[in-house]
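Asks: generate coordinates for the sequence data below:
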Amino acid sequence: MTPLLSAHGLTKTYGPRTACAGVDIDVTEGEVLAIVGESGSGKSTLLSMLAGELAPDSGEVRYRDREGRVRPLAEIGPAELRALARTDWGFVRQDAAQGLRMAVSAGGNVGERLMGLGARHYGTIRSQALDWLGRVEIAADRIDDPPTRFSGGMRQRLQIARNLVTAPRLVLMDEPTSGLDVSVQARLLDLIRRLTGELGLAVIIVTHDLAVARLLSHRIAVMRAGRVVETGLTDQVLDDPADAYTQLLVSSVLAA
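Replies: Numbering: from 1, shown residues only. Modelled structure (predicted):
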């Protein structure tokens with residue numbers, strides 16, 4: 001099957017520092033790919049390039065659109081790229097405040113994406129917003145509350161609803177559980193796993209937490225110093241790592 005999103009030879013440098021060096025990666029519908037590694041390994045830089053938010057110095061990202069055309073992101077104009085980001089793609093950010101309109105109600109945050117698709121009927125928009133708030137376990141009576149009144153876990157769940165309401169094909173996630181209490185993390189992970197399975201999404205998730213990668217992903221890519229040093233099925237890589245760096249990562253978790 002042709003990948004939904006693929007990257008070939010992605011390279012990005014900042015002065016003397018190489019953030020990504022010749023990275024190849026791909027994801028297909030219904031697949032969750034985890035990108036793991038220590039801080040500074042290049043995970044977030046890679047995700048920004050995959051999202052079209054950061055131009056690589058070399059290499060390219062290709063996306064297979066709904067018509068089946070495989071197109072380099074560099075050849076998609078800014079207006080169309082913004083439209084894709086509101087419809088076909090979702091981006092769940094580590095800091096929910098960066099992915100939400102903090103002064104807009106919960107319902108407005110969800111409904112705004114629908115309006116981007118042309119929805120104008122207030123009752124329909126509110127009904128769909130209520131449905132999605134329920135799906136991410138936010139009570140209906142919180143629909144008119146702004147995210148400033150929500151806990152960190154609730155903000156992340158609202159951000160997920162905002163991204164999924166338009167039925168995207170691809171969702172990018174940048175450390176979505178980082179900074180949350182353990183019990184809140186567990187609840188959010190269960191939600192993400194359930195929704196990605198139900199909707200058949202292609203998901204690329206960046207995380208430093210190997211337990212998160214094991215729980216959510218089918219495949220894993222391990223990054224070190226801007227390079228992918230090992231890829232494979234998640235359980236296979238984590239249970240029998242071939243690369244010395246991956247072995248060190250896994251052993252450090254076991255020793256903790």
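Asks: CA only for contacts and neighbour counts going forward, please
Replies: OK.
Asks: what pairs with the helix or strand hosting Met223, parallel or antiparallel?
Replies: Following DSSP states H and E, one finds Met223 within strand 219-224. When sheet partners are counted by DSSP bridges, strand 219-224 sits next to strand 32-36 (parallel), strand 227-233 (antiparallel).
Asks: out of the ones you listed, which is closest to Val212?
Replies: Of all the strands paired with strand 219-224, the one in closest proximity to Val212, counting by C-alpha to C-alpha, is strand 32-36 (8.7 Å).
Asks: ok now the strand holding Met223, how far from the chain's centre?
Replies: Centre-to-centre, strand 219-224 and its host chain are 15 Å apart (C-alpha atoms, centre = their mean, to the nearest Å).
Asks: which residues touch it?
Replies: When contacts are defined by C-alpha atoms under 8 Å, 6 or more residues apart in numbering, strand 219-224 is touched by residues 31-38, 41-43, 213, 228-234, 237, 245-246.
Asks: try stretch 153-166
Replies: Contacts of stretch 153-166 (C-alpha under 8 Å, 6+ apart): 86-92, 96-97, 99-100, 106, 109-111, 113-114, 128-129, 132-133, 135-138, 147, 171, 176, 180, 184-185, 188.
Asks: among the contacts of strand 219-224, the buried ones, what's the ChimeraX command?
Replies: This is how ChimeraX selects the buried members of the contacts of strand 219-224, with burial counted by 16 or more other C-alpha atoms under 10 Å:
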select :31,32,33,34,35,36,37,41,42,43,213,228,229,230,231,234,237,245,246
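Asks: for Ser6, which non-adjacent residue is closest in space?
Replies: Distances taken as C-alpha to C-alpha, 6 or more residues apart in numbering place Asp26 nearest to Ser6, at 4.0 Å, with adjacent residues excluded.
Asks: my guess is the one you found is in a helix, correct?
Replies: No - Asp26 is assigned strand when assessed by DSSP: H, G, I helix; E, B strand; the rest coil, not a helix.
Asks: my guess is it meets Met1, correct?
Replies: No - using C-alpha atoms under 8 Å, Asp26 is not in contact with Met1; the gap is 11.2 Å.
Asks: of the two, who's got more company?
Replies: Each of Asp26 and Met1 has its neighbours counted (other C-alpha atoms under 10 Å); Asp26 has more, 18 against 5.
Asks: who's in contact with that one?
Replies: Pro3, Leu4, Leu5, Ser6, Ala7.
Asks: top of those residues by neighbour count?
Replies: Neighbour-wise, the contacts of Asp26 (other C-alpha under 10 Å) top out at Leu5, 24 neighbours.
Asks: quick check: closest non-adjacent residue to that one.
Replies: In this structure, Leu5 finds its nearest non-sequential neighbour in Tyr63, 4.6 Å apart by C-alpha to C-alpha, 6+ apart.
Asks: so that neighbour sits against Leu4, correct?
Replies: Yes - with contact defined as C-alpha under 8 Å, Tyr63 counts as touching Leu4 (5.8 Å).
Asks: and Ser252, its phi and psi?
Replies: phi -70, psi -30 (degrees, to the nearest 10).
Asks: Arg214 versus that one, what's the distance?
Replies: 15 Å (C-alpha to C-alpha, to the nearest Å).
Asks: what are the boundaries of the strands in the stretch 51-200 of the chain?
Replies: 58-64, 70-72, 89-92, 170-174 (DSSP state E, counting those that start in this stretch).
Asks: how far off centre is the last one?
Replies: In this case it means strand 170-174. Strand 170-174 sits 1 Å away from the centroid of its parent chain (C-alpha atoms, centre = their mean).
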